[in-house]
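Student: Need the 3D shape of this:
(chains A and B)
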Amino acid sequence: MPHDAEPLAADQPDRYREALSAFVAPVAYHADAVARDPEVIRVAEAVYEAFGDHGADGGLTRGELASLCSKSVNPALFESRFDLFVSMGLVHRYRDKAHQQRYTIDPAGVAALLVYPRLRDANGVEEIIMLLGRTRQDLAAGELSEDELAGRLTHARRALSIVTDYLLRLVHEHPWEDLIRERSQRRSADLLLDEATELITAASARFPGLADSGKRLVGEALRYVGAVREVCDRLLEQASARHDFSMLTPEQYLSAARRGDKDHLAAPLARTVFDPATLVVTPEQVIAAIEEFRPAPPRRRAPRPPDSHTAHDPAEAARQRAARRRATIEAQAELHLQGAGEVDLTSRIRGAGWPGAAAIVVETLAAHANPDIPLRVALSTALVIDPVGRVSHVTPIALSRVPRRPVPGEDSAAADKPAEVSRA
Amino acid sequence: MPDPLSLARMRASRTVPMPMDQADLQALREAADAAGRRLIEVQAHNGRRHLMLGWPADVDPASALSAAGQEARTATPATLLPLAACLGCCSPNPQAPLYPGQLATERDVITALDRFTRGSVTLGPADEGGGGRWKRALRRLQAAGLLDRSGDGAIRLGPEIAAWGDAEARQLRDRHHDLPGVPGEGQ
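Tutor: Predicted coordinates:
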């Protein structure tokens, strides 16, 4: 199936291309049946995507298809592949009429595009598993005769034998790097053994004569599982020895980090020697940290200096307050005396009522008690009772002047004068 | 004959018991010399003698590690202040050698730190409590060999303190009264 416009690339052998070549070999016309450029399959996938997304309503014209495919593949490459797709039937006319310009994709080609990706990793084991599963379902549905079932069991066993031999050859003869792509076989092995066991159990129950075929199939499945274990053991051995972390995919490491417990995660490094943690610290740094981060001691406020501006003298202020008090009392007494030498305050007290009466008595007695005030009070022993008056009980009080007491440095003659005269 | 394997074992386990055989000790010394390191004799709290790998006096450890392509982690204030408090609590006598010092408790150290900082030091995220922050720093100091902690909250100075030279230790002794945890600190 050569194609003139095929852009062949003389690249080094590719495992995927090898798998594709082997896949089409049974029906190939010659050895170059599979294109060398790995990009060509992207064109087929782009065509498939275009029809899948936009071709449901009457197919697509070549121009529409080219436009849609140009988003993901080189237009020149598309043009070179389109005629091939048409000639081989992957793409055909929507209706079989001469003037028909719209195309659609063949379902068989879609099936092929679904199969190809599995060839990358599975080496056909997936197909064997599907064969076993489909056979089990057909058996349960009663759609298989004993001969048909025997044929399928034999088919599966032969395929399994080939895949197993391939794996064992890889383990024993190939460098360990070639085994990395087979690392996903482990999951397939478990699934395959389960499928084979279930199928043989059901087959033996339905057709006891197939027990031997079943045993041979299960035996082959066990041999395949053993081969896969050898692959994994060799991978683990090499990966451990080389500390090569490429055996698992990044996503597998991420899943292990998220789901694995601490002991399992630590196991791979159990025999690894690490330097202990190092922290470079010097006493100088310790001292610097102390100096930097020690809070400042609490500040004590200095005592306030004396107010030199006001020159306040509390003793002098007290003296002035006493002098003002004395002058007030003397002025009140002088109001009572009205210039006379003596006055009877009884009637004034009775007329003042409360609290005026009390104020007159208190101030008068204060004047008497102050030796600097030249006044005396004489209290009678009588008691005047006036039930209806403003003051009901009152002791007669007389206020009189006395000579002023001499003050040091003051003229004695002046001091003997009455207080009013001396104030004047 | 140099013994690089024993030297590597010492490097990985930080300290090794003092060899009984003088030939073994000599082999270790030669291996340390060949590696540009020196052996430090450490007398542990239990009186037993150990050996630890140190740096020659004229070599700056941070520069040497950096030159060897290793990460030289330096301490932040959040780690240095707890170390200062451990030094103050475990080595209250300025005349005595810093290492091995005496036993203190984690509570002593954290109390000393709280008193020293008076809660005014912000060294980490605002949502971190002071006690938790100090405890994390103590774990870092333990991992770095600057501290030994037991499960019951007892704290001792770690063997890495013994790696400080005399001149460096003298600096600390001169400022001993400023260490958190020392009676009358900062006076």
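Student: which residues of chain B score low on pLDDT?
Tutor: B:1, B:119-131, B:183-187 (pLDDT under 70).
Student: What are the neighbouring residues in contact with the nearest residue to residue A:198 once chain neighbours are set aside?
Tutor: Spatial nearest neighbour of residue A:198, chain neighbours left out: residue A:136 (6.0 Å); criterion: CB to CB, 6 or more residues apart in numbering or on different chains. Quick note: C-beta positions are derived from backbone N, CA and C, even for glycine. Each residue near residue A:136 by CB atoms under 8 Å, 6 or more residues apart in numbering or on different chains is listed here: A:195, A:198-199, A:202.
Student: Helices of the stretch 251-400 of chain A, start to end?
Tutor: A:262-266, A:283-293, A:314-337, A:346-369 (DSSP state H, counting those that start in this stretch).
Student: Tabulate those helices (JSON lines), appending distance to residue B:82.
Tutor: As requested, these are exported to JSON lines (distance: least, CB to CB, whole Å):
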{"stretch": "helix A:262-266", "distance to residue B:82": "27"}
{"stretch": "helix A:283-293", "distance to residue B:82": "10"}
{"stretch": "helix A:314-337", "distance to residue B:82": "56"}
{"stretch": "helix A:346-369", "distance to residue B:82": "74"}
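Student: Out of those helices, flag the one nearest chain B.
Tutor: Chain B lies closest to helix A:283-293 among the helices of the stretch 251-400 of chain A, at 3.7 Å (CB to the nearest CB).
Student: Which other helices and strands does the closest one contact?
Tutor: helix B:77-90, helix B:166-174 (3 or more CB pairs under 8 Å, 6 or more residues apart in numbering or on different chains; DSSP states H and E).
Student: for the ones you listed, which one sits closest to residue A:230?
Tutor: helix B:77-90 (51.1 Å; CB to CB).
Student: where's the closest one relative to the chain centroid, distance-wise?
Tutor: 10 Å (CA atoms, centre = their mean, to the nearest Å).
Student: just the helices in chain B please.
Tutor: Applying DSSP state H to chain B gives helices spanning B:4-13, B:22-34, B:61-67, B:77-90, B:106-117, B:130-143, B:166-174.
Student: Check those for me and report the most buried one.
Tutor: The highest average neighbour count among those, using mean count of other CB atoms under 10 Å in any protein chain shown, belongs to helix B:77-90 at a mean of 26.
Student: quick check: angle from that one to helix B:130-143?
Tutor: With axes from the mean of the first three to the mean of the last three CA atoms, to 10 degrees defining the directions, helix B:77-90 sits at 80 degrees from helix B:130-143.
Student: between the helices of chain B, which gets nearest to residue A:223?
Tutor: helix B:4-13 (44.9 Å).
Student: domain parsing for chain B?
Tutor: If you go by automatic domain parsing, the domain ranges for chain B are B:4-67, B:77-178.
Student: Start and end of the shortest one, how far apart?
Tutor: Across its full length, domain B:4-67 reaches 20 Å end to end, with CA to CA, to the nearest Å as the criterion.
Student: is it up against chain A anywhere?
Tutor: Yes. Residues of domain B:4-67 are located near chain A by CB under 8 Å from any CB of the partner chain, namely B:8, B:11-14, B:61-62, B:65.
Student: chain center to that domain: distance?
Tutor: The answer for domain B:4-67 is 15 Å, by CA atoms, centre = their mean.
Student: same deal with the longest one?
Tutor: Between the mean C-alpha location of domain B:77-178 and the chain-wide mean there is a distance of 9 Å, by CA atoms, centre = their mean.
Student: Stretch A:382-392 too?
Tutor: 94 Å.
Student: Equivalent analysis for stretch B:59-71, please.
Tutor: 18 Å.
Student: my guess is residue A:192 contacts residue A:128, does it?
Tutor: Yes. Between residue A:192 and residue A:128 there is a contact under CB atoms under 8 Å: 6.6 Å.
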